[in-house]
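Novice: I would like to see how this sequence folds:
(2 chains)
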Amino acid sequence: MLAIKNLSVSYGHKVVLTVPKLNINKGEIIGIMGQSGSGKSTLVNSCLGLVAYKGKIAVNTHDIGVLMQEQHYVDTMTNQKVIEGLLNTRIKSDRKLFDLINFFDFNSQLSLHFKNLSGGQKQRMSLIMLLYQEPTLLFLDEMTTGLDFESRRALIKKLKVYFKEHQTTVIMVTHYAQEIEALADKLLIIHDGQVKAFDQPKKLFQQYIGYSAFIIDNDVTKTVKVQKLEDEYKTVHQLLDDSDDFSRTRSSIELVYTEIMKGNVHG
Amino acid sequence: MVRKRKLIFELQNLLGNMITLIFGFAFAPMMALVFGSSYSHIPQALNQLYLSFFCTIPLSMVFVGFGSLFSQEMEQGFTLRAELLGYSRVSQAVHKFISLTVFVLLSSVLYSWIFLSHFDLSWPSWSIIIQMAVFQVLNTAVYFMIVFILTIILKKFSRVYGISMISYFGIMIVCNIMGNLNIGKLGDYLPIKLFVTNYTNHLSDTGYISGKIGLYLIILLIILGVVMKVVVGNKNEHKHQY
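Specialist: Modelled structure (predicted):
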């Protein structure tokens, strides 16, 4: 669906992103993590052709949707008119649009103006318009930034169902490990414009952590890694003896990310 | 190319913008009535005044109304979002231009009706009305291209609006519509001044045609069209169209 080879993006004389090789298959959901300014959004913008780049980006479709970090539509009319105008259709006579509006619980917001929507409602309105076009490749750039916990959880839940039903290829940039855990098939970690890791979260966990890990006091920097199943009992007994609060994980993205970023983080 | 709902969207967008409504619809009749009261017994002066403020309608509608609306859309990223939803910049320009032209023609009819009925003047002949309508459409196109190109290049509302407002008042001053500044023959080369000078004494003529103004505007349009092609073309260089 998307193949990148020898990608290089520069702002002035500074190279801000290099990706030697990256292949994304149809139906895969890729979560991109990294610090602010690491090159995540630059990668998305390169794929969209919004920034100049060297190298090759082959996109195997023209049905591309993009949800940007911030949303803005005109405030001179109601949301219903904005949606109908931009999609060139009418809600009451368009079953697909009607269903999407119901799916995202957006009915009561149709008569409002865009400026009166909350952050989550703005994201849902954009998603309705994006998904109406049934993109085969969808870019989501920090889609839940600024959303409260409940709105974020509700949005992820809705999207999970939708992506499963439609087999959409998704590339999502996020700061939230929970989003990747809930949605992504593969995790891509970018740091200082370089790809640090790209694989299935489970495989990355095995590669960087081991069999399992015990997170102490809910702090991923205080972790006991376990390499074999047999070692788990011993570790648990030890932790119980020490009276620590701990939790066991075999898939924590946050832990994988922290481990990979060790030694890469400045300051 | 032209989508019905998008056109309705653009019309509603203009309708929801108070600056467009005030400057596009209220400014010309209001000013013409105020100035006209001083010349109510001099038909030629009234004709000149009628045509002068008639010419300000596309100027106000595009430079002030559309300038504010489109530059804000550009600054806030709505133009890019519309592109991502499948409307290229050219397609957006076409929809916006058609809706602006509809508004300019509606405002021109409304203005004419208010002015002519208030001063008890007869309507121009049909052939002159058609020429006036063509002039408004061509003028709208010229102003539209200037503001569209400016906005694509400058991007920010404050920059675009600053320049468009200076141009707006500048053109009216140069054409002696506003104030009585002596700026030599400069205004004589502007389409507005040419139009007012040529048509003031011919409003009821059925056989009068002043082709040179139309030709002048079409040459301007071609030049602006080339500039627009270069500017919009460059800005779309790296974009997927979908």
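Novice: please, which helix or strand holds the residue nearest the centre of chain B?
Specialist: The centre of chain B sits closest to residue B:58, judged by Cα atoms, centre = their mean, with a distance of 2.1 Å. Taking DSSP states H and E as the definition, residue B:58 sits inside helix B:43-59.
Novice: give the buried residues for the helix or strand just after that helix.
Specialist: Proceeding C-terminally, helix B:43-59 gives way to helix B:67-75 as the next helix or strand, assigned by DSSP H and E. Along helix B:67-75, these residues count as buried under the neighbour rule (16 or more other Cβ atoms under 10 Å in any protein chain shown): B:67-75. C-betas here are computed from N, CA, C, even on glycine.
Novice: so is helix B:67-75 next to chain A?
Specialist: Yes: residues of helix B:67-75 are located near chain A by Cβ under 8 Å from any Cβ of the partner chain, namely B:69, B:73.
Novice: residues of the helix or strand hosting residue B:195 that come out buried?
Specialist: Per DSSP H and E, residue B:195 falls inside helix B:191-199. Neighbour counts over helix B:191-199 (16+ other Cβ under 10 Å) mark B:191-196, B:198-199 as buried.
Novice: try stretch B:117-129
Specialist: Those would be B:119, B:121, B:124-125, B:128, for stretch B:117-129 by 16+ other Cβ under 10 Å.
Novice: check contacts around the closest residue to residue A:42 other than its chain neighbours.
Specialist: Nearest residue to residue A:42 in three dimensions, chain neighbours excluded: residue A:17, at 4.7 Å (Cβ to Cβ, 6 or more residues apart in numbering or on different chains). Residues in contact with residue A:17, defined by Cβ atoms under 8 Å, 6 or more residues apart in numbering or on different chains, are A:7-9, A:39, A:42-43, A:46, A:190, A:193.
Novice: just name the closest of those to residue A:107, please.
Specialist: residue A:43 (35.7 Å; Cβ to Cβ).
Novice: strands along chain B, start to end?
Specialist: Counting by DSSP state E, no segments of chain B form strands.
Novice: what ranges does it have for its helices?
Specialist: B:4-15, B:18-21, B:27-36, B:43-59, B:67-75, B:78-84, B:89-118, B:126-154, B:157-174, B:191-199, B:211-235 (DSSP state H).
Novice: name the helices or strands packed onto the last one?
Specialist: It refers to helix B:211-235. Contacts defined by 3 or more Cβ pairs under 8 Å, 6 or more residues apart in numbering or on different chains; DSSP states H and E place helix B:211-235 against helix B:89-118, helix B:126-154, helix B:191-199.
Novice: so which of the ones you listed is nearest residue B:232?
Specialist: Among these, if distance is taken as Cβ to Cβ, the winner is helix B:89-118, at 5.0 Å.
Novice: pLDDT of that closest one, averaged?
Specialist: Average pLDDT, helix B:89-118: 96.
Novice: list the buried residues for it?
Specialist: B:89, B:91-97, B:99-101, B:103-105, B:107-108, B:111-112, B:115-116.
Novice: before we move on, what about stretch A:57-72?
Specialist: Buried, per 16+ other Cβ under 10 Å, within stretch A:57-72: A:57, A:59, A:64-68, A:71-72.
Novice: endpoint to endpoint, it covers what distance?
Specialist: 28 Å (Cα to Cα, to the nearest Å).
Novice: check the offset of it from the chain's centre.
Specialist: 13 Å (Cα atoms, centre = their mean, to the nearest Å).
Novice: that one near chain B anywhere?
Specialist: Yes: using Cβ under 8 Å from any Cβ, stretch A:57-72 reaches chain B at A:59, A:62-66, A:68, A:70-72.
Novice: reformat the residues you listed into a markdown table and put pLDDT next to each item.
Specialist: Compiled in a markdown table, the residues of stretch A:57-72 next to chain B are given as follows (pLDDT from 0 to 100):
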| residue | pLDDT |
| --- | --- |
| A:59 | 89 |
| A:62 | 81 |
| A:63 | 85 |
| A:64 | 86 |
| A:65 | 87 |
| A:66 | 87 |
| A:68 | 81 |
| A:70 | 78 |
| A:71 | 81 |
| A:72 | 86 |
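Novice: from these, which land in helices?
Specialist: Within the residues of stretch A:57-72 next to chain B, no residue falls in helices by DSSP H.
Novice: between these, which sits nearest residue A:158?
Specialist: Distances from residue A:158 to the residues of stretch A:57-72 next to chain B, taken by Cβ to Cβ, are shortest for residue A:65, at 15.4 Å.
Novice: I'd like to know how far the closest one sits from residue A:102.
Specialist: 20 Å (Cβ to Cβ, to the nearest Å).
Novice: likewise residue A:48?
Specialist: Following Cβ to Cβ, the distance that separates residue A:48 from residue A:102 is 30 Å.
Novice: kindly report the same for residue A:79.
Specialist: Taking Cβ to Cβ, one finds residue A:79 at 15 Å from residue A:102.
Novice: got it, and residue B:48?
Specialist: Here residue B:48 is placed at a distance of 60 Å from residue A:102 (Cβ to Cβ).
Novice: who's more crowded, these two?
Specialist: Taking neighbours as other Cβ atoms under 10 Å in any protein chain shown, residue B:48 and residue A:102 compare with residue B:48 leading, 18 against 10.
Novice: and the residue nearest to the more buried one when sequence neighbours are not counted, how many neighbours?
Specialist: In space, and not counting its chain neighbours, residue B:48 is closest to residue B:200: 4.7 Å by Cβ to Cβ, 6+ apart. Residues lying near residue B:200 (other Cβ under 10 Å) number 17.
Novice: contacting residues for residue B:200?
Specialist: Applying Cβ under 8 Å, 6+ apart, we find residue B:200 in contact with B:44, B:47-48, B:51.
Novice: can I get stretch B:76-87 in PDB, CA atoms only?
Specialist: Presented in PDB, the C-alpha positions along stretch B:76-87 are these (Å, rounded to 0.1, in the frame of the first residue of the first chain):
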ATOM      1  CA  GLN B  76      -6.800  28.700   9.600                       C
ATOM      2  CA  GLY B  77      -6.100  25.800   7.100                       C
ATOM      3  CA  PHE B  78      -9.600  25.400   5.800                       C
ATOM      4  CA  THR B  79      -8.300  25.700   2.200                       C
ATOM      5  CA  LEU B  80      -6.000  22.800   2.700                       C
ATOM      6  CA  ARG B  81      -8.700  20.800   4.300                       C
ATOM      7  CA  ALA B  82     -11.000  21.400   1.400                       C
ATOM      8  CA  GLU B  83      -8.100  20.200  -0.900                       C
ATOM      9  CA  LEU B  84      -7.800  17.100   1.200                       C
ATOM     10  CA  LEU B  85     -11.500  16.500   0.700                       C
ATOM     11  CA  GLY B  86     -11.100  16.600  -3.000                       C
ATOM     12  CA  TYR B  87     -11.400  20.200  -4.000                       C
END
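Novice: ok, that stretch near chain A or not?
Specialist: Yes: judged by Cβ under 8 Å from any Cβ, stretch B:76-87 comes into contact with chain A at B:76-78, B:80-82, B:84-87.
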